[in-house]
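Peer 1: no sequence on this one, just coordinates:
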Ligand code: PAF
């Protein structure tokens, strides 16, 4: 496995197809599933690349950035064990000029849900993802469906800016008790960790509701606990991410919840009713 820290090191030619898995490290089984999907897409002769970069410009809270786990040696060992060909682990200084002044802004899908409570977050995501696409020029990039809104925004950016990359989505991986895998889970206290599976239970049970109000009320009742604080809960159109009233179209029930200062997100697709 080649480990590159300087963007200039990505200019060397690689075997195609090149499949990129962008991450912020603290790799867990969810990431490893994306990596395995990437290998499937690349084939044995293609190149699988992983970027590990805790992107400072997508954090809206300095404390969240400071507390974000960064076990780089562990991550590289996991990449080696997965047969990754290329790992890119730049420092922030190598990615951003001190006087950088160009940002990618998405103006529709990024407004609701996480965008409403994390100002600037998706601008930071779009900017770094476009930079990674420009640096690697991957044929394919793989993203997880846990970040449903992120995936929709990246697809929109690729479409609107004619970025020549195919986006592959991979379903959310869950712990045996249903909690969506996340690099932030390790920051939960044992008590919070034991409470957190209620998110998935709540969303998947409520998805069977008959109306928007019924679904949202059921989900809210089941999510709230003395240990958490709801950031948002919304039922949105699966394509536009606008609040959904028409259940004849596919929708997504999405939530973000704080346990202390650890913010967890999850979502549940709700099939269209006929
Ligand atoms: O999903 C993530 O881990 C990040 O938002 C991403 C896509 C790697 C951009 O920093």
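Peer 2: That came in fine, so what should we check first? This is a predicted model, so every value here is computed, not measured. Numbering: from 1, shown residues only.
Peer 1: Tell me how many other residues crowd the residue in the stretch 51-200 of the chain that the ligand sits nearest to.
Peer 2: Relative to the ligand, the nearest point of the stretch 51-200 of the chain is residue 55 (4.0 Å; C-beta to the nearest ligand atom). (Each C-beta comes from the backbone N, C-alpha and C, glycine too.) Residue 55 has 21 neighbouring residues, counting by other C-beta atoms under 10 Å.
Peer 1: got it, and residue 255?
Peer 2: Neighbours of residue 255 using other C-beta under 10 Å come to 23.
Peer 1: before we move on, what about residue 5?
Peer 2: 11.
Peer 1: who touches it in this structure?
Peer 2: Contact analysis of residue 5 by C-beta atoms under 8 Å, 6 or more residues apart in numbering lists 88, 89, 90, 91, 94.
Peer 1: tell me the two of these that are most distant?
Peer 2: The largest separation in the contacts of residue 5, counting by C-beta to C-beta, is between 88 and 91 at 11.4 Å.
Peer 1: When those two are compared, which one has more neighbours?
Peer 2: Shown here are residue 88 and residue 91; by other C-beta under 10 Å, residue 88 has more neighbours (24 against 10).
Peer 1: looking at the sheet around the nearest residue to that one once chain neighbours are set aside, what are its partners?
Peer 2: Closest residue to residue 88 apart from its sequence neighbours, by C-beta to C-beta, 6 or more residues apart in numbering: residue 51 at 4.4 Å. When bridges are called by DSSP bridges, residue 51 pairs up with residue 22, residue 88.
Peer 1: is it true that residue 51 touches residue 25?
Peer 2: No: using C-beta atoms under 8 Å, residue 51 is not in contact with residue 25; the gap is 9.2 Å.
Peer 1: Compare these two and say which is more crowded by neighbours.
Peer 2: residue 51 (27 against 23).
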